[in-house]
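# Quick check, what structure comes out for this input:
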Amino acid sequence: MAAQQPDPARQIDALERQLAALTVALTGRVVGAQQETMQHLQLLQATVDDLEGSAREAADRRDQLLLAAKRLALELRGLDLLADHVKAVDALSRKLEAQVQEVVGAKEGRAYGWLPMNPSS
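Numbers count the residues shown, from 1 in each chain. Sure, this is the predicted structure:
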């Protein structure tokens, strides 16, 4: 018995149907990939926008902190200068107090006869 040869027209029809099915499947996948890519690009753009906004806010906050740090440094320098002045006034006050004690002590000593009344003697 002779093997029947497939009909070339049927083979061509079957191949065309397979090709059409593959084309539809690939087109669907390409469209799905394009849509997914667009969603990813939109998400990426939203993320970039958020990141830029956060970076601007961080830069603004950094500028505010730097300004506050400069003001604090200036205030601390002023406090250091004030402390130096207080120390100088305290030293002068102690010196003055010692001199007053010398004068008061000498007058009291003269009044009670402890020291000579004439400072030159």
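# how about the strands in the protein?
Taking DSSP state E as the criterion, the chain carries no strands.
# Give the residue spans of it that score low on pLDDT.
Residue ranges of the chain with pLDDT under 70: 1-3, 109-121.
# Okay, the residue sitting nearest the centre point of it and residue 25: tell me how far apart.
With distances taken as Cα atoms, centre = their mean, the residue of the chain nearest its centroid is residue 62 (5.0 Å). Between residue 62 and residue 25 the computed distance is 54 Å (Cβ to Cβ, to the nearest Å). Yep, even glycine has a C-beta here, placed from its N, CA and C like the rest.
# same question, residue 101
110 Å.
# Could you do residue 73 as well?
Per Cβ to Cβ, residue 73 is found 70 Å from residue 25.
# sorry, back to before: please report the distance of the residue nearest to the centre of the chain from residue 68.
Using Cβ to Cβ, we find residue 62 at a distance of 11 Å from residue 68.
# before we move on, what about residue 33?
Here residue 33 is placed at a distance of 51 Å from residue 68 (Cβ to Cβ).
# Residue 104 too?
Residue 104 sits 52 Å away from residue 68, going by Cβ to Cβ.
# which stretches of this protein form helices?
Secondary structure of the chain by DSSP state H: the helices cover 8-111.
# Neighbours of residue 88, how many?
For residue 88, the count of nearby residues is 10 (other Cβ atoms under 10 Å).
# And for residue 106?
Neighbours of residue 106 under the rule other Cβ under 10 Å: 13.
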